[in-house]
Structure formats: structure tokens, C-alpha cells
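Undergrad: missing the sequence, but the structure's below:
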């Protein structure tokens, strides 16, 4: 397996390994600088080992929102 993959290749690998990550979440992690990647023009190469390390060490707590949509309470 290659260590550096394009966004689409990384997404396909995540689907193959049953990792519940959407393509949009990968793009958000890249834009936030949360996972190691290399930009070459408009292309992005994502480090697979860096992504796995990020997923192993970062988890959501109960207080963190899962999305940007706020819950409506009546």
C-alpha cells in the first residue's frame, strides 16, 4: 500500500477498510491541517499512516457537536 494517496484513493481505501469517513470529512481534515498532507497545485496527497494516527488519537466527547447544525429545543 502506498503511503501517500490522493483524496479519492484515500476515500476508496477507507471504504475498503470499513472506516466510516466521508470524502467531505477527509477534505475538511485536510483544510484544517489536522492530518498530514502535501498539496501540489489543486491535488492533495494524504499520508495514510498520519490519517490512521489521527483517527486513533482523536475522539469526540459527549459535549462536542457532531455537525454544525444546532439542535432546536422547545
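TA: Here it is on my side, so go on. These figures come from a predicted structure and were not determined experimentally. Residues are numbered from 1 along each chain as shown.
Undergrad: Could you pull up the contacting residues of the residue positioned nearest the centre of the chain?
TA: Centre of the chain computed as the mean C-alpha position; nearest residue by C-alpha atoms, centre = their mean is residue 26, 3.1 Å away. Each residue near residue 26 by C-beta atoms under 8 Å, 6 or more residues apart in numbering is listed here: 7, 10-11, 14, 46, 51. Every C-beta, even on glycine, is put in place using the N, C-alpha and C of the backbone.
Undergrad: Helix or strand: which one has it?
TA: helix 23-32 (DSSP states H and E).
Undergrad: The next helix or strand after that helix: partners in the sheet, and parallel or antiparallel?
TA: The C-terminal neighbour of helix 23-32 among helices and strands, as given by DSSP H and E, is strand 37-40. Partner strands and pairing direction for strand 37-40 (DSSP bridges) are strand 43-47 (antiparallel).
Undergrad: Need the mean per-residue confidence for the partner strand.
TA: When pLDDT is averaged along strand 43-47, the result is 93.
Undergrad: Beyond it, next helix or strand please.
TA: Scanning forward in sequence from strand 43-47 by DSSP H and E, the next helix or strand is helix 48-57.
Undergrad: helices and strands around that following helix, which ones?
TA: Counting contacts by 3 or more C-beta pairs under 8 Å, 6 or more residues apart in numbering; DSSP states H and E, helix 48-57 is packed against helix 7-16, helix 23-32.
Undergrad: at 10 Å instead, please
TA: Using 3 or more C-beta pairs under 10 Å, 6 or more residues apart in numbering; DSSP states H and E as the contact criterion, the secondary-structure elements in contact with helix 48-57 are strand 4-6, helix 7-16, helix 23-32.
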